[in-house]
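> Provide a 3D model corresponding to the input given below.
(one chain, ligands or ions: 2)
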Amino acid sequence: MAKRIDVSGLTAYYGSHKAIEDISMTVEPRSVTAFIGPSGCGKSTFLRTLNRMHEVTPGGRVEGKVLLDDEDLYGTGVDPVSVRREVGMVFQRPNPFPTMSIFDNVAAGLRLNGNYRKNELNDIVEKSLKGANLWNEVKDRLNKPGAGLSGGQQQRLCIARAIAVEPKVLLMDEPCSALDPISTLAIEDLIGELKERFTIVIVTHNMQQAARVSDRTAFFNLAAVGQPGRLIEIDDTERIFSNPSVQATEDYISGRFG
Ligand SMILES: Nc1ncnc2c1ncn2[C@@H]1O[C@H](COP(=O)(O)OP(=O)(O)OP(=O)(O)O)[C@@H](O)[C@H]1O
Ligand SMILES: [Mg+2]
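Ligands and ions are numbered 1, 2, ... in the order given. Now for the predicted structure:
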């Protein structure tokens, strides 16, 4: 069966600085994969290579292959904008469009793509807000600005915006690190629901979170400061947290470094 994501030999640079080297991994559809590892080991960089956001950074460059359902995202003629439609992203700090209404925030991606029928828009916005477990809290104020929501609500709004365009994959870079514990649990519950429909890759510094939400865990590390980050191992989450193959993984998850 085709993998949802199939990365081989991926190396990414910022100008002449090689940030990550020779990463290969696969991701199954409708699964949650967690990326863990010490600061600077390239988790965010690698995540951004999965939807061609890395190359938006000046000097950002990639070698190797990323297949999405067997299609090479870096193949000639592939439009990065269409890649980002298939592979959505949620960031560390909730970033709703501040002056836009809640409704318009969710509709923004759809309007940009133009691939919906006018009379469908209300339904899609409602469905996406429900999907992000936010509908009940905002249904009476859809025309109020997104910036008026709490941090946790804003993050769920960003998730609603991301899922409204029905991506295949949702990338999340520390989506809870700016949130309080209750909002964090709400997002974790949501991830459990979203994986029925989407394939999720999440970066987290929170080991309990990785253990709670993910099916697979990938541990990244670097040999020394300035050296490129590498994938040390990827395995079932249960195994990574009980009996990892590599000593460095064990040291990291048990808090001996990083
Ligand atoms: N915009 C950039 N320009 C130049 N170098 C960068 C840029 N962003 C990241 N880097 C470098 O790439 C390497 C990997 O950084 P990255 O942000 O991917 O790490 P990370 O694992 O996500 O770290 P953290 O856990 O702190 O978020 C680091 O050496 C970092 O300094
Ligand atoms: Mg990061």
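
> Let me know the next secondary structure element after the helix or strand of the chain with the lowest mean pLDDT.
Counting by mean pLDDT, DSSP states H and E, the chain has its least confident helix or strand at helix 102-113, which shows a mean of 92. Following helix 102-113 in sequence order, the next helix or strand is helix 121-131 (DSSP states H and E).

> who touches the helix or strand following that following helix?
Proceeding N to C from helix 121-131, the next assigned helix or strand is helix 135-138, under DSSP H and E. If you take Cβ atoms under 8 Å, 6 or more residues apart in numbering as the criterion, helix 135-138 is touched by 102, 126, 129, 149, 153, 157. Bear in mind the C-beta positions are built from the backbone N, C-alpha and C, glycine included.

> need the contact list for the second one.
By Cβ under 8 Å, 6+ apart, the contact set of E126 is 135, 139.

> what about 10 Å?
If you count contacts by Cβ atoms under 10 Å, 6 or more residues apart in numbering, E126 has them with 103, 106, 135, 139, 142, 160.

> that older thread, as TSV, the contacts of helix 135-138 with distance to G37 would be great.
Shown next, in TSV, are these (distance: Cβ to Cβ, whole Å):
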residue	distance to G37
I102	35
E126	38
L129	33
L149	31
Q153	30
L157	29
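
> among those residues, which ones are buried?
102, 126, 129, 149, 153, 157 (16 or more other Cβ atoms under 10 Å).

> if we can go back for a sec, which of the contacts of E126 lies closest to ligand 1?
Nearest to ligand 1 among the contacts of E126 is A160, at 24.5 Å by Cβ to the nearest ligand atom.

> If anything else comes up later, I'll come back, but that's it for now.
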